[in-house]
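*Asks:* sequence and predicted structure are below.
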Amino acid sequence: MIVSTRGAICTGAVIARDLVLTAAHCVAPKSDYAVAVKGGAPRVIQVARIVLHPKFDPRQFETRVPSPDMAIVKLAEPLPANYRAAKLVSDPALPKRGTLFTLAGFGFEKDGDERSLGTLRSISLPSVGTTGGIMVRVSSGNGGTQGACTGDSGGPAYLNGELVGIIGWTSIPTGKNCGFTTGVTLVGIQLDWIRAVIQSLSPLR
């Protein structure tokens, strides 16, 4: 779970003992960021550096033109030994419709319900299409309300045990609860950039 002095909460995926992959829009605003460590005495590890994807456009939600909504944060110290790096998917191909992804995040169970924030939850949802050649859309379909919520941005999407994407957005119609369609930025298409940043920032694999 990624926290900030501006009061926002996001989620991330461990890709090295001192690196976390998340959504760029989560860590682009000026703020101090940290990662909340679960297990044992609760504490936070400060974020020492943030690397935004060079093609990320912070105006993408206004222009409705998707960009690689990814960032890698380097921590001031390594995560505890019980945190393990996710296995990155190596296939850059766009997934077929109906492919089942497992999403995870620390966001709200019900939008605005502070009591539900900060608990790790997961859900499996099928692909219902792609966007801009860099993102997959997942949904329970039929007007269902299962999907990501506020605070889940930056969270991982897994396929066959591999980290295949990062949660970028969710559509919440006015007056409705969380869920509906969730957008996931695909890791395989951005793998060269991710590996290059890991190589430059972290001696801890």
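*Replies:* Received the coordinates, thanks.
*Asks:* quick one: contacts for the spatially most central residue of the chain?
*Replies:* Note on the chain: the residue nearest the mean C-alpha position is residue 154, at 1.8 Å, using C-alpha atoms, centre = their mean. Residue 154 is in contact with 2, 10, 11, 12, 13, 21, 22, 23, 26, 105, 166, 167, counting by C-beta atoms under 8 Å, 6 or more residues apart in numbering. To be clear about C-beta, it is placed using only N, CA and C from the backbone, and glycine gets the same treatment.
*Asks:* what number of residues are in the vicinity of the fourth one?
*Replies:* Other residues near residue 12 number 26, with proximity taken as other C-beta atoms under 10 Å.
*Asks:* that one contacts residue 35, doesn't it?
*Replies:* Yes - look at residue 12 against residue 35 with C-beta atoms under 8 Å: they come within range, at 7.1 Å.
*Asks:* if I look at those two, which residues touch both of them?
*Replies:* Counting by C-beta under 8 Å, 6+ apart, the contacts common to residue 12 and residue 35 are 1, 2, 20, 73.
*Asks:* pLDDT, distance to residue 149 and secondary structure added to the residues you listed, as TSV?
*Replies:* Shown next, in TSV, are the shared contacts of residue 12 and residue 35 (pLDDT from 0 to 100; distance: C-beta to C-beta, whole Å; DSSP: H, G, I helix; E, B strand; the rest coil):
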residue	pLDDT	distance to residue 149	secondary structure
1	96	14	coil
2	97	15	strand
20	98	20	strand
73	98	22	strand
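*Asks:* please, a ChimeraX command that selects the buried ones among these?
*Replies:* The buried subset of those, as determined by 16 or more other C-beta atoms under 10 Å, is captured in ChimeraX by this line:
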select :1,2,20,73
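*Asks:* return the set of residues that bridge with residue 169.
*Replies:* residue 183 (DSSP bridges).
*Asks:* rewinding a little: from the contacts of residue 154, pick the one nearest residue 67.
*Replies:* Proximity of those to residue 67 was ranked by C-beta to C-beta; the top entry is residue 23 with 11.2 Å.
*Asks:* pLDDT (mean, whole number) over the longest helix along the chain?
*Replies:* With residue count as the measure and DSSP state H as the assignment, the chain has helix 191-201 as its longest helix. Helix 191-201 carries an average pLDDT of 96.
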